[in-house]
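**Student:** need a 3D model of the sequence below.
(chains A and B)
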Amino acid sequence: MSLSRAANPWRKLGPSGIFLFGLLILNALGVILPLLLMLISAIKPTPEIFASPFALPQTWSLNNFARVWESGRFDLYFRNSILITVGAEILILGFSAMAGYALGRFKFRLNDAIYVFFLAGLMFPAKLVLVPLFVQLKEMGLINSHFGLILVYAAGGIPAAVFILTGFFRALPSDLDNAARIDGASEWQVFWKVMLPLVRPQLAIVAIYTAIPIWNDFLLPLVFLQDPTLKTVPQGLTVFFGEYATDYGPLFAGLTLAAMPLILLYLLLSEQFIKGLTAGATKG
Amino acid sequence: MRLERNLWLVIFLAPALLLMVIFTLWPAVAALGYSLYSWTSFNREEFVGLENFRKLLSFPFRDDFLEAMRHNVLAFIGLMVIQNGLGLALAYALWKQPPLMRFFRATVFLPVILSLVVVGFLWKLFLDPLIGPITKLANMSGIASFAPLGDPAWALFTLICVNAWRWVGFPTLVFLAGMNAIPDDYYEAARLDGATEWQVFRQIMLPLLAPAFTTIIILTFIGSIEWFELPYVMAGVSGNPGGATDTMALMFYRLAFGAASEATSNVGVAAAISVILFVIVGVGSAIGALYLRRREVEM
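**Tutor:** Below is the predicted model:
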């Protein structure tokens, strides 16, 4: 009898195995059915959602989506969300790679102290310092400004990014950068041309880890962006839900529209998403 | 040479450090100061010492605040049991490498990537007393009036369940990673000694999962204490019905930014709440980390 897991097929595991398999199936249904129901409701006219919520639509129609796209201003919200997320990511990846490189590859007196300072940043989510941050951004003229929000998100994402990247830079073999230096490369060239390409897969992990919370964030835009033309997708959704109140067809269409880009991306890259989003919580 | 190297270090480190000092460290230091002043809207008036904290703990704020804090604690307990308990069971099921393992793993994690605003509204629609499909199901099975979000006895529990729906994939995959890190020899040795599956799970796997538990308990604690988005989306800024789903973060938001007029806003008391939140999160996680770490065993 072999006892290793791979050689121990599921069906031989008895009642506990069947129970656990049932649990997995139930859970998968619990995730998929609500999302499917959202999609189905989005292509139904509102009266049909009332009459037969679980039936497939009698006529498939993208009418709800058209209404949402025109009056819900989702084009605008998407543009704002993309701009903010991409802007913050450029700063996070660029600055954290530089800092991670310095901390991971150089021995200097303040190295440990600076590393701990970055770690301490993990303890200060913007949520807890919202009031002073609001006043400070107001004084700097950065309220109602995408740029202000980008800077705040960048500062919030940098600690985790530096933490993850420093570890990766530290693990790279030491002769690589020295060989390049002997060949006469400047420090910037060593960083940009030699070291950075080696951590490219880790940069992707860091990007997912830091970008998803920014894309999904609600509280900071709610407080810092009051101008209707600046709002992000999650924020726009709340405006939209206030306006449509009981017109359920467009509401489901709005939810579908807001959720779809990430779901599609996830279906393509689920391994990277899982690795990226659990990066802080699991080793390796 | 050394000077040049130090110059490069400054260039590499300065941008990240500057952003953190300006947008994290400085506001964090200021937050403490803010709670010690009186405010008219967002204009600072005079130094009042601990007056804002005294106000928070007396009429009319006291009862609301303690009630909100109770909801945060209940959310923590509920999420530990429902979300993390289910996560542990799902992780164990996945660890056994069932058929379609990759499919199940991808599905369980899917809701984690969704915005809480989308998740909150989706379940709010599903539970809508008029058209909600779940309401219809409840009606069909004999429950005449089904409106858990409008019922003070059930609203908080409903929010906890929706939160668990969205987050359960996270503890699942953290536990799974922990289980996969335990060498197979441990289980084989135990089974050769005649241990039952339950004994192996309880006496070998659970103790060795302690680091994963530390991570999950602390993250759940922080998330529960700072709970904001889901209650805001599903229950409104005052935690309907009748404050049954109010949280400390919602109360903070109402006092600082959500007031109907400047007369009812109270930035000073809001700042006091944020300082208390910060202390609870900081002290709680530190104590948790130290205490839980001690229980971890070396592999």
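
**Student:** so residue B:98, which of the three states?
**Tutor:** coil (DSSP: H, G, I helix; E, B strand; the rest coil).

**Student:** that one - how many residues pack around it?
**Tutor:** Using other Cβ atoms under 10 Å in any protein chain shown, residue B:98 has 19 other residues around it. Every residue, glycine included, has its C-beta placed from N, CA and C.

**Student:** need the contact list for it.
**Tutor:** Residues near residue B:98 by Cβ atoms under 8 Å, 6 or more residues apart in numbering or on different chains: A:10, A:17, A:20, A:21, A:24, B:104.

**Student:** so what's residue B:125 up against?
**Tutor:** By Cβ under 8 Å, 6+ apart, the residues touching residue B:125 are A:41, A:248, A:251, A:252, A:255, B:131, B:132.

**Student:** now do the first one against residue B:135, distance only.
**Tutor:** When you say that, I think you mean residue A:41. Distance from residue A:41 to residue B:135, counting by Cβ to Cβ, to the nearest Å: 14 Å.

**Student:** out of those two, which sits in the more crowded spot?
**Tutor:** Comparing residue A:41 with residue B:135 by neighbour count (other Cβ under 10 Å), the higher total belongs to residue A:41, at 27 against 20.

**Student:** pretty sure the more buried one sits against residue A:252.
**Tutor:** Yes. At 4.0 Å, residue A:41 counts as touching residue A:252 under the criterion of Cβ atoms under 8 Å.

**Student:** residues shared between the contacts of the two?
**Tutor:** Common neighbours of residue A:41 and residue A:252, using Cβ under 8 Å, 6+ apart, are A:49, B:125.

**Student:** shaky segments in the stretch 151-284 of chain A?
**Tutor:** A:280, A:282-284 (pLDDT under 70).

**Student:** same question, the stretch 151-299 of chain B
**Tutor:** Low-confidence segments of the stretch 151-299 of chain B (pLDDT under 70): B:259-264, B:297-299.

**Student:** if you set the cut-off to 50 instead, what comes out?
**Tutor:** Across the stretch 151-299 of chain B, not a single residue meets the criterion (pLDDT under 50).

**Student:** quick check: the residue of it at minimum distance from chain A vs residue B:95, distance?
**Tutor:** Nearest residue of the stretch 151-299 of chain B to chain A: residue B:177, at 4.1 Å (Cβ to the nearest Cβ). As judged by Cβ to Cβ, residue B:177 and residue B:95 stand 10 Å apart.

**Student:** and residue A:128, by the same measure?
**Tutor:** Residue A:128 sits 36 Å away from residue B:95, going by Cβ to Cβ.

**Student:** those two: which is more packed in?
**Tutor:** Taking neighbours as other Cβ under 10 Å, residue A:128 and residue B:95 compare with residue A:128 leading, 23 against 19.

**Student:** isn't that one right next to residue B:27, touching?
**Tutor:** No. Residue A:128 is beyond contact range of residue B:27, at 9.0 Å (criterion: Cβ under 8 Å).

**Student:** tell me the SS of residue A:107?
**Tutor:** Note that with three-state DSSP, the state of residue A:107 is coil.

**Student:** ah, wrong one, I meant residue B:240
**Tutor:** Secondary structure for residue B:240, judged by three-state DSSP, is coil.

**Student:** residues touching the residue positioned nearest the centre of chain B, list them.
**Tutor:** Against the mean C-alpha coordinate of chain B, by Cα atoms, centre = their mean, the closest residue is residue B:223 at 1.5 Å. Going by Cβ under 8 Å, 6+ apart, residue B:223 touches B:79, B:167.

**Student:** wasn't it part of a helix?
**Tutor:** Yes. Under three-state DSSP, residue B:223 sits within a helix.

**Student:** show me which helix runs longest in chain B.
**Tutor:** As assigned by DSSP state H, the longest helix anywhere in chain B is helix B:267-295.

**Student:** mind checking how far that helix is from the chain centre?
**Tutor:** Centroid separation between helix B:267-295 and its chain, computed with Cα atoms, centre = their mean, to the nearest Å, is 13 Å.

**Student:** any idea which element residue 19 lies in?
**Tutor:** This is for chain A. Counting by DSSP states H and E, the element that carries residue A:19 is helix A:14-42.

**Student:** my question was about chain B, not that one.
**Tutor:** If you go by DSSP H and E, residue B:19 is part of helix B:2-20.

**Student:** so does that helix get close to chain A?
**Tutor:** Yes. Counting by Cβ under 8 Å from any Cβ of the partner chain, chain A has neighbours in helix B:2-20: B:4-6, B:8-9, B:11-13, B:15-17, B:19-20.

**Student:** now the residues you listed in a markdown table, with pLDDT, neighbour count and distance to residue B:227?
**Tutor:** Formatted as a markdown table, those follow (pLDDT from 0 to 100; neighbours: other Cβ atoms under 10 Å in any protein chain shown; distance: Cβ to Cβ, whole Å):
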| residue | pLDDT | neighbour count | distance to residue B:227 |
| --- | --- | --- | --- |
| B:4 | 85 | 10 | 50 |
| B:5 | 87 | 12 | 47 |
| B:6 | 90 | 13 | 45 |
| B:8 | 92 | 18 | 44 |
| B:9 | 93 | 20 | 41 |
| B:11 | 95 | 14 | 41 |
| B:12 | 96 | 23 | 38 |
| B:13 | 96 | 24 | 35 |
| B:15 | 97 | 17 | 33 |
| B:16 | 96 | 29 | 30 |
| B:17 | 96 | 20 | 31 |
| B:19 | 95 | 21 | 27 |
| B:20 | 93 | 24 | 26 |
